[in-house]
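> This is the structure alone, sequence omitted:
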């Protein structure tokens, strides 16, 4: 309950801040959407940093480091330190000057003007909005997960299905509501202030979290040494032969269980009492399903399994044990006749395997404060750990690591960053953000990545803190819940929510601004709108987009990191367009259309090929899909621009003065 | 220095690919008892990026931008 109270106090503080900022509102749409270009260096740094560091930075980086290892830092944090500042310096400052000179509020306004095409907005607008919505979803889903995890047991009787804590849907709803209220009333000024406050909160509390968790794990050295012993591959980007051998041993043991269960269910195998006694006497470990494992080992040793490990029946056994879907086309083997990897078969929906887990462990589930009772999450975790195949260690390939460099280019096309850039008081306001951004990224990401890899091997009081197959999105919240006292746990949760909300606010405001400026006002330009009406439109659109995003968040979530990478890749694929618009006189309207269509087409094709984001390790010839998207967009832009009519001298004179 | 800064940015991007030059990306080595070697290397890249961008804003900042004044009115933009 303490955590819940602290979360409520924190959310109330934010509301107060937003409402206070609204008292400084000057009543014009320019003030509501761009804070009248009055933001200074510190506020700009904090709001740009807070906006780019979302759930992706805290929850996603910890979860991904838990799943993939320390290479995650090089892949996204150190690369972002170089690329983000490069974008601020080369794109941001230039766009600020165009925005200041010609009065732009949104990207679409700039592109319409630069490309001499009104209809470019109709193409660009839905693409930008469609890419921001998954980005918003990352925050909304993560907020619900975090609040639900840390409030387990807060209620005596209510929300039993959510382990007597705040349900995910309610946590997400509360966060959406708070952000909506302070954006609604405070506009850009309220957002910038709230971002600054929240950035400070999550940076300070993030560092505190790091030291609290390391202390509980026996100190920095103890926590890292344990990873070095149990999961050394998480400390590098390659796999040690010993770890691969351990995995193969675990896989063989798991297969004996899978084959035995298949024999029992499908072939009617039944061990007699003597065989069961012999099997159990010969089996040493005592985990929750040890009797089945003992029977499996006995069946394998005494050749009671009637099919070979490389047969189709063995594949069926593996798929059943791993709760995956049987192939509709009956294809279990590859072209060489070898069994296809298990990852080729999608996992059954959560409802199906969770029902099985509850059937097995239902009588053990109860209130977390009751002695010997498990939470739903724990029961599901134990089910996964006991039934599913061991997680295969995999290296972070060189090509994948190299091509990840293209993902941070996305900031060049984030519509919410465009809007933040325009709030700057003058061009030199950007200087602090350009220099401090890489350092700030390091301060946030370094502890998160370390905590994530520690989670793979964390043991407290002889018990593993994070079991195998644990959902990466919930790793940080689980560590905070398990390794800190309620007061600190509540504060640390507030820090995580701060990181999430400091991005949500800018994105909500940005989408509201785009609808108002690029659609409502643009297509009613023959009508006169008062400043009050313009602000009202923006507010109505903000309410609508919050409602739509919240609705989407209620569907089955993907891995936060995976969803983020797809969304960033989409923005990166539009990066050639913004660079050319700013620096290449020869860019034409047709070239821009071709580039946008190539980017959208390649994105949709590759996203479908990755099972709509369900395959987190999807690559194209070992490279990140973003390479294909950027290549398609860039080549279409250059080829079509060079073969079509250049822009008018008037337009070139407007954007290329020197 | 105006010409050195772009070179430094390119060098940062090259050195970011630690596997082109160093072998520690495939060693689970801990420095100072707790810090994975490859992680410390990339933290160094972050610091180097901060220094490079400081040099960029000091020596390569475009001149005259702070004097930019609005030219188009909002009505012109809507049209």
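Happy to help now that I have it. Values in this document were obtained by computation on a predicted structure and should not be read as measured data.

> give the contact list for residue A:450.
For residue A:450, the contacting residues are A:65, A:70, A:210, A:214, A:223-224, B:39, by CB atoms under 8 Å, 6 or more residues apart in numbering or on different chains. All C-beta spots, glycine's among them, are computed from the backbone N, C-alpha and C.

> got the phi/psi numbers for the closest residue to residue A:391 other than its chain neighbours?
Using CB to CB, 6 or more residues apart in numbering or on different chains and skipping the chain neighbours, the partner closest in space to residue A:391 is residue A:468 (6.2 Å). The phi and psi values for residue A:468, taken as degrees, to the nearest 10, are phi -60, psi 160.

> Please report the distance of residue A:468 from residue B:27.
From residue A:468 across to residue B:27, the span is 25 Å (CB to CB, to the nearest Å).

> before we move on, the earlier item: number of residues surrounding the residue nearest to residue A:391?
Neighbourhood size, residue A:468 [other CB atoms under 10 Å in any protein chain shown]: 16.

> how about it, what does it touch?
A:384-385, A:388, A:390-391.

> Geometric centre of chain B: which residue is closest?
Centroid-nearest residue in chain B, with CA atoms, centre = their mean: residue B:49, separated by 3.7 Å.

> that older thread, out of the contacts of residue A:450, which one has the lowest pLDDT?
Minimum pLDDT for these is recorded at residue A:210 (88).

> Tell me, how many residues neighbour the closest residue to chain B within the stretch 501-650 of chain A?
Relative to chain B, the nearest point of the stretch 501-650 of chain A is residue A:525 (4.3 Å; CB to the nearest CB). Residue A:525 is flanked by 12 other residues according to other CB under 10 Å.

> Quick check, pLDDT for residue A:8.
87.

> And the helix or strand harbouring it, what's buried?
Assigned by DSSP states H and E, residue A:8 belongs to helix A:2-22. Within helix A:2-22, the residues that count as buried by 16 or more other CB atoms under 10 Å in any protein chain shown are A:3-4, A:6-7, A:10-11, A:14-15, A:17-18, A:21-22.

> and it, what does it pack onto?
Secondary-structure packing of helix A:2-22 (3 or more CB pairs under 8 Å, 6 or more residues apart in numbering or on different chains; DSSP states H and E): helix A:120-150, helix A:168-216, helix A:486-514.

> helix or strand right after it?
helix A:29-34.

> quick one: the residue nearest to residue A:391 from residue A:389, how far?
In this view, residue A:468 and residue A:389 are 10 Å apart by CB to CB.

> ok, back up a step: determine which two of the buried residues of helix A:2-22 are furthest apart.
A:3 and A:22 (29.2 Å; CB to CB).

> other SSEs contacting the longest helix that chain B contains?
What stands out as the longest helix in chain B, according to DSSP state H, is helix B:37-59. Helices and strands touching helix B:37-59, by 3+ CB pairs under 8 Å, 6+ apart, are helix A:79-87, helix A:430-455, helix B:4-16, strand B:30-31.

> can you pull out the helices in the stretch 451-600 of chain A?
Ranges of helices in the stretch 451-600 of chain A, per DSSP state H, counting those that start in this stretch, are A:475-483, A:486-514, A:531-553, A:560-573, A:575-583, A:589-609.
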